[in-house]
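Chemist: Fold the following.
(chains A and B)
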Number of protein chains: 2
Amino acid sequence: MRKIDLKDIEDIALGAALLGAGGGGDPYIGKLVAMGAVKECGPVTMLDPQEVPDEELVVPIAMMGAPTVLAEKAVGEREYETLFHMVSRFFGREIYAFLPIEAGGVNSMLPIAACARMGVPLVDADGMGRAFPELQMVTFTIGGINASPMALTDEKGNCVIFETVTNKWTEELARAVTMSCGGAVSVALYPMTGKQMKEYAVKNIVTRSQRLGEAIRTVKDCGEKTPEEHFMEFSESYKLFKGKISDVLRETRGAFNLGKVMLEGMGEYKGKEAYVEFQNENLLACVDGEILATVPDLICIVDAETFVPVTTDALKYGKRVYVTGLKCFEMWRSPEGLELVGPKYFGCDTDYIPVEERYKGGVKNV
Amino acid sequence: MRKIDLKDIEDIALGAALLGAGGGGDPYIGKLVAMGAVKECGPVTMLDPQEVPDEELVVPIAMMGAPTVLAEKAVGEREYETLFHMVSRFFGREIYAFLPIEAGGVNSMLPIAACARMGVPLVDADGMGRAFPELQMVTFTIGGINASPMALTDEKGNCVIFETVTNKWTEELARAVTMSCGGAVSVALYPMTGKQMKEYAVKNIVTRSQRLGEAIRTVKDCGEKTPEEHFMEFSESYKLFKGKISDVLRETRGAFNLGKVMLEGMGEYKGKEAYVEFQNENLLACVDGEILATVPDLICIVDAETFVPVTTDALKYGKRVYVTGLKCFEMWRSPEGLELVGPKYFGCDTDYIPVEERYKGGVKNV
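Modeler: This is a model prediction of the structure:
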């Protein structure tokens, strides 16, 4: 158990944005929401997963929708209270703690705001260990935990509760409502017991985000190493490419941000070309026609100077960036995991090969 | 209080299809569902609105979606039970009675099936006195009654409860879910007290449907009158046109059946042309460039021989039909009513003028 205060929030947002793998929203927006709530209501208690009693009700809380819309729609104060009461009323008992459903600039932050405002603890765990675009893409689905009853509310006060026959149906129906509500809503889903959470969640992800954020913030304090070496080491990243963004193709479809970013090589990659495809999150990185990483491994794009993560909606012509690959949470590499979030699910015509095997340098850039 | 048995169902379906004004679905489908339930579970008790205690919970039940889809999707047996339990659970008390939300071949019948299966009475009242395409278009909206909490379920077992800030938002969100569920779902909405129902419902509409159905079935037994005179008299219809369908333009958009039927005049209308525009229901009838009736008055198309109503999805080239106009329920002619269901809401560029004023014959064809 420890307290999450204002100074922690900045680092968590920064590190979670890296784990967001291009998705999960703008950490600046997320940070403002969480800091506003903590300033008003005081710091949040964060529990280690093991500190949650087995029989208590814990509920992930998140925003659903296209990250580009999140930046334009207000995130209110009463949404968390509404969700808390909808879920508590459904089960006839109070929620013991919230947790994030994914890492990412916004979805790592909203549960902190919710915990501050409702006075409940946050659990140091999530359901992805990264960000993914669809709500059935969580370790909880592998564990047979239902996404529903799922509570959804928008900033106008509309409320919807879904009870569906599969988690894929929850996604279908909630996505349709999200689009009708203007493209972004607040949700509470995968209500579960402490025991289920301990068995299937990605543990200590908030703490990992915070450490990554601290390290990015102080990336220049790296002693004898170059900042690049330092970053690849502490983030356990495989360097896939370094280059300048030469084009960004975008489309908003079905409440998703889809697209492809084109890159021209710099430094040792001079003369090479690369692209990264994304659906909210980065899906596939390809250099000179060779695929170097795919989902569910994390493909991260970071600023070439500051190593600050660049979300897919912030990709801009001329920006100089690194493209890096990080190993995903082990459960995603199982057959059940790859069925949910493997490259084929996203329409990429390739089998999943772990990033460390695809990585032809043979060694990590440390 | 009286019993609704198999022989009643046929006439109710036929008469309700006339009041459906082209919408409300195929009475053949509706009839099969209601008859199946009554055969299996016994006749239904129908209450006069005045027999419902003021404080009891009564709930309209219906199918939502495009009528053309209704004919292709199964209507299950457990949907009513699911809806009954969703609503009862929400309020912490049991539903006292169901009622139809609209007249129409399907939506007059499903509440009968629901009452038979759940052993609760049917109320002889609805919220439209005809059919309309959107769910906020009920007299209950004029009465300030909320559509939500609204329960929705599909044949797969997906369940959704909506609590919205306006009835228009209920329509928006439920329509989006309906489309995601394949275009047709079962719903329970506008939960209300007996008192509210007595104040705002269109009363004795099931009985009126049954009388109309009986009269259509026996339209040839008309003594000295012609069947045409007889039909116009008992149905209180204004004869607007008689002709042959020369074309039908159709489009399914946003879970609605939209279109326009073109007609060439017959008999005293020879040489004239007419068209009727529809959105699930008939919206506007125009003869030789002159508008003769618009929503919210009922525009009905019936077979020229049998006087059986022709729903918009059954309009076919070559069919010989009458186009008739019926006065709508008085509450629809108020400013609040016309705001909800007047011609302008449906994009028709005309003010509402009551059918009896537009009717240039000056006299009803009796």
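Chemist: for chain B, what are the nearby residues on the stretch 151-300 of chain A?
Modeler: Taking CB under 8 Å from any CB of the partner chain, the part of the stretch 151-300 of chain A that reaches chain B is made up of A:156-165, A:169, A:172-173, A:175-177, A:179-181. Where you see a C-beta, it was placed from the backbone N, CA and C, and this is true even at glycine.
Chemist: Just the ones of the residues you listed in strands?
Modeler: A:159, A:160, A:161, A:162, A:163 (DSSP state E).
Chemist: Now the second one. Nearest residue, chain neighbours left out?
Modeler: Put plainly, it is residue A:160. residue A:152 (4.5 Å; CB to CB, 6 or more residues apart in numbering or on different chains).
Chemist: Each with direction, which strands does the host helix or strand of residue A:324 pair with?
Modeler: According to DSSP states H and E, residue A:324 maps onto strand A:320-326. Strand A:320-326 has the following strand partners under DSSP bridges: strand A:237-253 (antiparallel), strand A:298-303 (antiparallel).
Chemist: for the stretch 101-250 of chain A, what spans make up the strands?
Modeler: For the stretch 101-250 of chain A, strands defined by DSSP state E, counting those that start in this stretch occupy the ranges A:122-123, A:125-126, A:150-153, A:159-163, A:184-188, A:192-193, A:202-203, A:237-253.
Chemist: What strands line up against the third one, and which way round?
Modeler: Spelled out, it's strand A:150-153. Short version: by DSSP bridges, strand A:150-153 pairs with strand A:159-163 (antiparallel), strand A:184-188 (antiparallel).
Chemist: now for the strands paired with strand A:320-326, which one comes closest to residue B:55?
Modeler: strand A:237-253 (49.3 Å; CB to CB).
Chemist: Would you mark the buried spots in the closest one?
Modeler: If you call a residue buried by 16 or more other CB atoms under 10 Å in any protein chain shown, then strand A:237-253 has these buried ones: A:237, A:238, A:239, A:240, A:241, A:242, A:243, A:245, A:248.
Chemist: Any figure for the gap between the third one and residue A:120?
Modeler: Using CB to CB, to the nearest Å, one obtains 41 Å as the distance from residue A:239 to residue A:120.
Chemist: I'd like the next helix or strand past the lowest-mean-pLDDT helix or strand in chain A.
Modeler: In chain A, no helix or strand scores lower on mean pLDDT, DSSP states H and E than helix A:67-70, which sits at a mean of 64. Remark: after helix A:67-70, the chain's next helix or strand is helix A:78-91, criterion DSSP H and E.
Chemist: List the buried residues for that following helix?
Modeler: By neighbour count with 16+ other CB under 10 Å, helix A:78-91 contains the buried residues A:79, A:80, A:82, A:83, A:84, A:85, A:86, A:87, A:88, A:90.
Chemist: For the helix or strand just after that helix, which helices and strands make contact with it?
Modeler: Under the assignment DSSP H and E, the closest C-terminal helix or strand after helix A:78-91 is strand A:97-100. On a contact count with 3 or more CB pairs under 8 Å, 6 or more residues apart in numbering or on different chains; DSSP states H and E, strand A:97-100 meets strand A:57-65, helix A:110-118, strand A:122-123, strand A:125-126.
Chemist: Which of those sits closest to chain B?
Modeler: strand A:57-65 (13.5 Å; CB to the nearest CB).
Chemist: and that closest one with strand A:184-188, angle?
Modeler: Here strand A:57-65 runs at an angle of 170 degrees relative to strand A:184-188 (axes from the mean of the first three to the mean of the last three CA atoms, to 10 degrees).
Chemist: how big is the angle separating strand A:57-65 from helix A:78-91?
Modeler: 130 degrees.
Chemist: Buried residues of stretch A:148-161, list them for me.
Modeler: A:148, A:149, A:150, A:151, A:152, A:153, A:154, A:155, A:158, A:159, A:160, A:161.
Chemist: ok so, going back, can I get the buried residues of strand A:237-253 in CSV including distance to residue A:312?
Modeler: Below are the buried residues of strand A:237-253 laid out as CSV (distance: CB to CB, whole Å):
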residue, distance to residue A:312
A:237, 18
A:238, 20
A:239, 20
A:240, 16
A:241, 16
A:242, 18
A:243, 16
A:245, 12
A:248, 9
